[in-house]
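Enquirer: build me a model:
(one chain, ligands or ions: 2)
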Amino acid sequence: MPDKTTAADFRTGYVAIVGRPNVGKSTLLNRLVGQKLSITSRKPQTTRQRITGIVTLQDAQLLFVDTPGFQSKHGSALNRSMNRAVTQALAGVDVVLMVLEADHFSDEDRAIMSLLPKDRPVMLAINKTDRLGDRLELLPFIVKITKHRTFDEILPVSASKNHAVGALAKVIAKYLPVAPAIYTNDEITESSERFLAAELVREKLFRLLGDELPYVCAVSIDRFVMEGRMRRISASIIVDKESHKGIVVGSKGSRLKEIGTRARQDMETLFDGKVHLELWVKVKGGWSDDDRVLKQLGYD
Ligand SMILES: Nc1nc2c(ncn2[C@@H]2O[C@H](COP(=O)(O)OP(=O)(O)OP(=O)(O)O)[C@@H](O)[C@H]2O)c(=O)[nH]1
Ligand SMILES: [Mg+2]
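Expert: Ligands and ions are numbered 1, 2, ... in the order given. As a prediction, the model looks like this:
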């Protein structure tokens with residue numbers, strides 16, 4: 001592809017991806033970038049902090065910011081930090097992309113709509129269209145939504161089936177300001193490898209532990225060093241209670257081993273190099289409601 005990133009009409013800008021928990025924001029980000037950057041699971045509130053994904057097209061560079069699912073119920077200090085990540089992302093971007101589920105529109109979605117800025121372009125991606133029996137169901141759905149607010153563009157997509165995702169990026173690009181690219185064609189994120197590594201461990205907790213435990217777990221990276229082309233990473237899984245520790249470790253350490261193996265495999269794919277991963281489990285009672293500990297764990 002010829003490099004046109006400095007052409008006079010090249011467009012570059014930040015795009016916040018916002019929506020209720022579990023609508024598929026992170027799956028969409030990964031599909032847009034073409035790499036698994038942001039962790040996903042069938043459980044709500046998987047994403048806790050902003051994560052960027054860079055998409056460079058012929059005539060534009062889109063800097064997507066994946067955000068936690070916005071919740072209207074006020075809970076722990078961690079929940080408040082997650083909502084702050086959303087409002088901060090909304091304040092600092094050129095375009096907003098709201099994501100809805102094609103077969104579900106709730107008060108929570110409406111609450112997010114009321115947060116959307118009025119002075120910048122706002123797009124709507126209606127995700128999970130693969131779940132619709134008949135695409136004609138989209139028409140009354142769109143009529144219902146646009147009674148609450150109008151959008152600059154409305155695009156039905158399926159992130160998991162990769163349907164209409166490329167078209168979505170091209171449409172959004174038209175709304176970005178004219179500016180030269182910030183990153184080279186091969187850069188895919190602004191997020192650090194340290195952060196991405198911790199996230200991949202956290203994903204395995206969401207996928208391999210029960211329905212409650214992932215919410216009382218966090219991950220910190222204690223050591224991250226390059227040894228030649230190999231990354232040597234030591235990470236701690238922080239849990240809330242002593243009794244959680246045994247569940248995470250599993251019988252004869254089997255669950256911890258599985259978490260580590262799967263996280264390491266994903267890291268090796270993402271970093272394109274060998275990884276040596278060592279995992280520990282530590283108890284820090286009440287960490288999710290302690291602003292000081294949250295700061296230490298990298299939450300704003
Ligand atoms: N059927 C279907 N499922 C999807 C689609 N996109 C995402 N999902 C599923 O929806 C669930 C949630 O996806 P995520 O990408 O983690 O959702 P999210 O909006 O980032 O969720 P939070 O980070 O918790 O706010 C996962 O089980 C995905 O596989 C889609 O297009 N179709
Ligand atoms: Mg997410």
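Enquirer: what is the neighbour count of residue 14?
Expert: As a burial measure, residue 14 scores 19 neighbours (other C-beta atoms under 10 Å). (C-beta placed from N, C-alpha, C; glycine too.)
Enquirer: chain neighbours aside, what residue packs nearest to it?
Expert: The spatial neighbour of residue 14 that comes closest, neighbours along the chain excluded (C-beta to C-beta, 6 or more residues apart in numbering), is residue 93 at 4.0 Å.
Enquirer: can you count the residues close to that neighbour?
Expert: 21.
Enquirer: how far away is it from residue 274?
Expert: Applying C-beta to C-beta, to the nearest Å, the value for residue 93 to residue 274 is 36 Å.
Enquirer: same question for residue 242.
Expert: Distance of residue 242 to residue 274, computed by C-beta to C-beta: 34 Å.
Enquirer: who's more crowded, those two?
Expert: Using other C-beta under 10 Å, the more surrounded residue of residue 242 and residue 274 is residue 274, with 14 against 9.
Enquirer: quick one: residues contacting that one.
Expert: 229, 230, 231, 268 (C-beta atoms under 8 Å, 6 or more residues apart in numbering).
Enquirer: returning to what we had before: now do the SS call for the residue nearest to residue 14.
Expert: Classification of residue 93 using DSSP: H, G, I helix; E, B strand; the rest coil returns coil.
Enquirer: same check on residue 167?
Expert: Residue 167 is classified as helix under three-state DSSP.
Enquirer: ok, and the closest non-adjacent residue to whatever residue of the stretch 201-300 of the chain ends up closest to ligand 1?
Expert: Closest residue of the stretch 201-300 of the chain to ligand 1, C-beta to the nearest ligand atom: residue 206 (8.6 Å). Excluding its sequence neighbours, the residue lying closest to residue 206 (C-beta to C-beta, 6+ apart) is residue 41, at 3.9 Å.
Enquirer: from ligand 2, how far off is that neighbour?
Expert: 8 Å (C-beta to the ion, to the nearest Å).
Enquirer: that residue against residue 204, yeah?
Expert: No - Residue 41 is not in contact with residue 204 according to C-beta atoms under 8 Å; the separation is 9.6 Å.
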